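> predicted model follows, preceded by the sequence.
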Amino acid sequence: MRLIPAISLVIRLALVALVSSPVSAQTVVPTPVREYLFSGNLADASGGPNMVALGGGVIDEAYVFAANQGLLLSDLSLDTGTYSFELGFTFFTLGGYQKIIDFANRASDSGFYVLGNSLNFYPVVNTGLVDVRANEAVHVMLTRDGATSAVAVYVNGQLGFTFTDSGGRGEISGALREIYFFTDDFPTGGEAGPGSVDFIRIYNQSLDAAQVSELFTNGPVVVPEPSTAVLLLIGIGALLGGRMLRNSRKMVGDSKS
């Protein structure tokens, strides 16, 4: 039984390592209902509807597009009024209005744009800040709460602007819940620009500031691997269990002799 004190010491050391190891208290972020990573295709990672290319193509794990050659998603499972759209994209050139998301099946000039270097939800609000630069990737989140009509836009994890969408301009209004990305509406037609998009994620809820910051900083949540200390404790438990089982069998054998 001399093995037990040694094992006890190892257990104590493993527990110390487990307690002292840094634990990340990450904000809980929901899983997106749609995730498009453009890894050689236009497929949703969870098996939902594919994006439809409007003239561009997938190159080096990004969708690359000329002006008005963005993407179309038709998805009846999406909530029309409560959502969060997370995008990582780059515009190659900037100038006037360039549409990012169209919610009205291209029937209205309203929607989410960049105007010059500033994010803009036309015709309601413009940040007036340098949010986007040509040929530089940017992380953008647009959230909307259907119950309150509250809309928020975040740039690289920071709040850009908020407004109350009492006119419903951010509601997905197409019969098939069509959403156009980087493609202008029919009434104006020319307010679009060339660029590339690395990913698009859609959530069926309005994310808060802490969740947006977490996504920008750490990306989507992944299941963590067990720590070394935990694995060590599991191994010790198995060793002790096997030792005790062998000892019990030996004692039974001795009692029969």
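Arrived safely, thanks for sending. Residues are numbered from 1 along each chain as shown.

> helices of the protein, start to end?
Along the chain, the segments classed as helices by DSSP state H run 3-20, 209-218, 228-256.

> let me know the average pLDDT across the last one.
Mean per-residue pLDDT for helix 228-256: 47.

> just the first one next, same as before
Averaging pLDDT along helix 3-20 yields 46.

> same check, this time on stretch 35-43
98.

> how long is it from one end to the other?
Stretch 35-43 stretches 8 Å from its first residue to its last (CA to CA, to the nearest Å).

> for that stretch, list every residue counted as buried.
Within stretch 35-43, the residues scored as buried using 16 or more other CB atoms under 10 Å are 35, 36, 37, 38, 42, 43. All C-beta spots, glycine's among them, are computed from the backbone N, C-alpha and C.

> may I ask which two of these are separated the most?
35 and 42 (12.0 Å; CB to CB).

> circling back to that earlier point, using a markdown table, lay out the buried residues of stretch 35-43 together with distance to residue 98.
A markdown table is the format used below for those (distance: CB to CB, whole Å):
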| residue | distance to residue 98 |
| --- | --- |
| 35 | 24 |
| 36 | 20 |
| 37 | 23 |
| 38 | 20 |
| 42 | 21 |
| 43 | 26 |
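
> of all those, which comes closest to residue 140?
Nearest member of the buried residues of stretch 35-43 to residue 140, counting by CB to CB, is residue 36, at 14.7 Å.

> what about that closest one, distance to residue 114?
20 Å (CB to CB, to the nearest Å).

> residue 135 now?
Residue 135 is 13 Å from residue 114, by CB to CB.

> neighbour count: these two, which is higher?
residue 114 (25 against 11; other CB atoms under 10 Å).

> what is the more buried one paired to in the beta sheet?
residue 98, residue 119 (DSSP bridges).

> how about the contacts made by it?
91, 94, 97, 98, 100, 120, 131, 132, 193 (CB atoms under 8 Å, 6 or more residues apart in numbering).

> and residue 205, by the same measure?
Applying CB under 8 Å, 6+ apart, we find residue 205 in contact with 30, 79, 82, 83, 84.

> so where is the stretch 101-250 of the chain shaky, pLDDT-wise?
221-250 (pLDDT under 70).

> quick one: the strands in it?
Remark: strands assigned in the stretch 101-250 of the chain by DSSP state E, counting those that start in this stretch are 111-115, 118-122, 125-126, 138-145, 150-155, 158-164, 178-181, 195-203.

> between those strands, which one is nearest to residue 61?
The nearest among the strands of the stretch 101-250 of the chain, by CB to CB, is strand 195-203 at 7.2 Å.

> and the closest one with strand 111-115, angle?
140 degrees (axes from the mean of the first three to the mean of the last three CA atoms, to 10 degrees).

> please point out which parts of stretch 47-61 sit buried.
48, 49, 51, 54, 56, 58.

> okay but residue 34 is in contact with residue 73, surely?
Yes - between residue 34 and residue 73 a contact is recorded at 7.5 Å, counting by CB atoms under 8 Å.

> could you pull up the contacting residues of residue 97?
Residue 97 makes contact with 113, 114, 115, 120, 122, 188, 191, according to CB under 8 Å, 6+ apart.

> most widely separated two among these?
114 and 188 (14.8 Å).

> before we move on, back to that, between the contacts of residue 114, which is nearest residue 200?
When these are compared against residue 200 (criterion: CB to CB), the nearest one is residue 100, at 10.6 Å.

> per-residue pLDDT, that closest one?
98.

> tell me, how many residues neighbour residue 181?
When neighbours are counted by other CB under 10 Å, residue 181 registers 23.

> what separation do you get for it and residue 217?
Applying CB to CB to residue 181 and residue 217 gives a distance of 24 Å.

> same question, residue 116
In terms of CB to CB, residue 116 sits 27 Å off from residue 217.

> and these two? which has more neighbours close in?
residue 116 (15 against 12).

> identify the residues contacting the closest residue to the more buried one other than its chain neighbours.
Nearest residue to residue 116 in three dimensions, chain neighbours excluded: residue 94, at 6.2 Å (CB to CB, 6 or more residues apart in numbering). Contact partners of residue 94, counting by CB under 8 Å, 6+ apart, are 114, 116, 117, 132, 133, 134, 193.
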